[in-house]
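Enquirer: Have a look; sequence and predicted model below, questions after that.
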Amino acid sequence: MLPVQWNDGESSSVNAGPIFLGGKVDNGLRKFYQEVKAWKYDILTTLPEILVLSKDNHWIKLKNPRKSYETLIRSILISLHCLCFFKSKPEASGYSLWVHLSKVSSLYDIRPSENDLIDHINFLREAVKRDETLAKSKFLAAFLENPRKRISFDEDAGAATKPSFIDDDINGEIKDDDIITNQTEDSESDDDYDLFDTVCAICDNGGVLICCGGKCFRAFHATPDFEEAQEANCESLGLTSVELEGLHLQRYKCENCQYGLHQCFVCAELGSSDISSNTEVFRCSSPTCSYFYHPKCIAKLLRKIDKTEQQILQEKIAAWEPFICPAHKCAVCKQPENEMVEDLQFAVCRRCPKSYHRKCLPGDIMFDHQIGDDDEVRAWDGLLSKSRALIYCTKHEIDPELATPARTTIFRNILNRKTATTQEETCCQADK
Ligand SMILES: [Zn+2]
Ligand SMILES: [Zn+2]
Ligand SMILES: [Zn+2]
Ligand SMILES: [Zn+2]
Ligand SMILES: [Zn+2]
Ligand SMILES: [Zn+2]
C-alpha cells in the first residue's frame, strides 16, 4: 500500500490513508512506531536494501521483517531480489535468475516462481522503465511483455534446443549464464504446472493427499484410514482426524522440510539441505524436480566413466553450479520428454532418477494389462500427472507384500539421525 518514491523530486500521488511502520530499532533496544509516507529501494548492493520515509522526511532502513509478516512481504522481496540480480548482471538468463533466487530467499520455504513477479508486475514495469541497466535485460523485457508466459527452462518442454547444462554429455561443459531457455509458447497451460506430487511419498498411491508446504513438493496420505492408503498398505503420516482438522487451517510441512534434512535420491542417506551453511544435498535445478543429491552421488551418475571429470563435476555441484539430474532424459535414447506425442511421454521410476520414453521402455517393465502369470506389474498409468507412467525400474526388487519396492528409501530416518547426533554429543561431553 505504501507508494514507491522513485526519485527525490517526485512526490507520489497515491493516497492510501495513514500507514505506520512498527518494529524495533537500535539492535532491538528501542520500540519504534511512526507514520510513514513512501518507500524506496537500493539495488546497487549485493542484496537489495529497503528504505521507508517517515512523515518528517527521514529515511529509515529496514532490516528484517517481523516473523508474522514474512509471508506477506515474500513476493515483493523476491521481486526486489530479481531487480538486484539483473542490475548487476543484465545479460543473465532466466535460468540463472531462478538459481540465484532460490539461494537468496532461504528465508522462505516456498520456491520463488514467476507468480511472485506477476504479483508485482506494475512495480517491476516502472522499475525497469526507470533504469537503463535493467532495461537491457532480455529476460525482464520478455517477461514484462508477456508475464503469463511461463519461461520454461526445463527440458520438459521437449524443444530441440540443447541446453548447455551439466548433463550426461561427455563433452558437457558447464557455463552458467548461457544456459538455455526452451521457450514454448503454447504447449503448456498454467493448469498443468502442477508442482506437487500426485501420489503419496510413502506408498506411491493416489487419493486424498496432503501436500508439504516446504521445499520437497511431496504429498502424503495423512491417515492410514483413507481408502487409497489402506489399499496400498500405507503407514501414512499417522495423523488422527483431530490433528488432520487442525492441519487444514495451517500449512503442513513434512519432517524433512522442518529439519532441513532431505534424502539423496541415489544413496538414500539423509543430508542437510540447509542452503545457508554446510549443505550436503543439493536439489536438481530443473524447477519441477524435487530430488536432492550428494554432489558425489550425482556426479557418478552424470559422468560414469571418467574419474577426473567426476571429481570436477562433484566440486562444481558442491559449489552450487546448477545441474540436471538424469530423470529428465530417456535412459535409452537420451532425448527429453514430449508430452504431446504418446511414444515420447515419460515413464518415471519412483525409486531412482531413471526415466524412459514409452517407446523405449524395456520389455521387462510391464503394465498390468501386459503381464503374464509369472510377471510382476512394474508400470502404472493414471497416477502421475502429465500423462506420465509411474514405474519401478528393474533395479529395485518388488516386495510381494507391499507390491512396491521397499519404502525405506523414501521417507523418514529423521528421528534416527537426531538420536545419532545426540549420542555423539553425549560422547564428546563424556570425553571432556
Ligand atoms: Zn500413502
Ligand atoms: Zn517437505
Ligand atoms: Zn547420496
Ligand atoms: Zn531432476
Ligand atoms: Zn527414449
Ligand atoms: Zn529405478
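Expert: Done, it's in. Ligands and ions are numbered 1, 2, ... in the order given.

Enquirer: Going by neighbour count, which residues of stretch 40-59 are buried?
Expert: 40, 41, 43, 48, 49, 50, 52, 53 (16 or more other CB atoms under 10 Å). Any C-beta I mention is one placed from the backbone N, CA and C, and that applies to glycine too.

Enquirer: for stretch 227-237, that is, sorry about that
Expert: Going by 16+ other CB under 10 Å, stretch 227-237 has these buried residues: 228, 229, 230, 232, 233, 234, 236, 237.

Enquirer: Take those and write them to JSON lines, including distance to ligand 2 and pLDDT.
Expert: Shown next, in JSON lines, are those (distance: CB to the ion, whole Å; pLDDT from 0 to 100):
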{"residue": "228", "distance to ligand 2": "20", "pLDDT": "85"}
{"residue": "229", "distance to ligand 2": "18", "pLDDT": "86"}
{"residue": "230", "distance to ligand 2": "23", "pLDDT": "87"}
{"residue": "232", "distance to ligand 2": "20", "pLDDT": "87"}
{"residue": "233", "distance to ligand 2": "22", "pLDDT": "87"}
{"residue": "234", "distance to ligand 2": "17", "pLDDT": "88"}
{"residue": "236", "distance to ligand 2": "15", "pLDDT": "86"}
{"residue": "237", "distance to ligand 2": "11", "pLDDT": "85"}
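
Enquirer: Pull up the residues of the stretch 151-300 of the chain that are close to ligand 1.
Expert: In this structure, the stretch 151-300 of the chain approaches ligand 1 at residues 200, 202, 203, 221, 229, 234, judged by CB under 5 Å from the ion.

Enquirer: Of all pairs in these, which one is the farthest apart?
Expert: Comparing every pair within those by CB to CB identifies 202 and 229 as the most remote, at 8.5 Å.

Enquirer: any common contacting residues for these two?
Expert: Overlap of the contact sets of residue 202 and residue 229 (by CB atoms under 8 Å, 6 or more residues apart in numbering) consists of 221, 236.

Enquirer: Could you report the neighbour count for residue 17?
Expert: Per other CB atoms under 10 Å, the neighbour tally for residue 17 reads 5.

Enquirer: And the pLDDT at it?
Expert: Reading off the confidence values, residue 17 has pLDDT 78.

Enquirer: Relative to ligand 3, how far out is it?
Expert: Going from residue 17 to ligand 3 by CB to the ion, to the nearest Å gives 55 Å.

Enquirer: Name the SS class of that residue, please.
Expert: Under the three-state scheme (DSSP: H, G, I helix; E, B strand; the rest coil), the conformation of residue 17 reads as coil.

Enquirer: Next: the one 4 residues further on.
Expert: Classification of residue 21 by three-state DSSP places it in strand.

Enquirer: quick one: which of the buried residues of stretch 227-237 sit in helices?
Expert: Cross-referencing those against helices under DSSP state H gives 228, 229, 230.

Enquirer: And the residues you listed, which is closest to residue 314?
Expert: Using CB to CB, the shortest approach to residue 314 within these belongs to residue 229, at 38.8 Å.

Enquirer: I figured that closest one was touching residue 223, is that so?
Expert: Yes. Contact status for residue 229 versus residue 223: in contact at 7.0 Å, counting by CB atoms under 8 Å.
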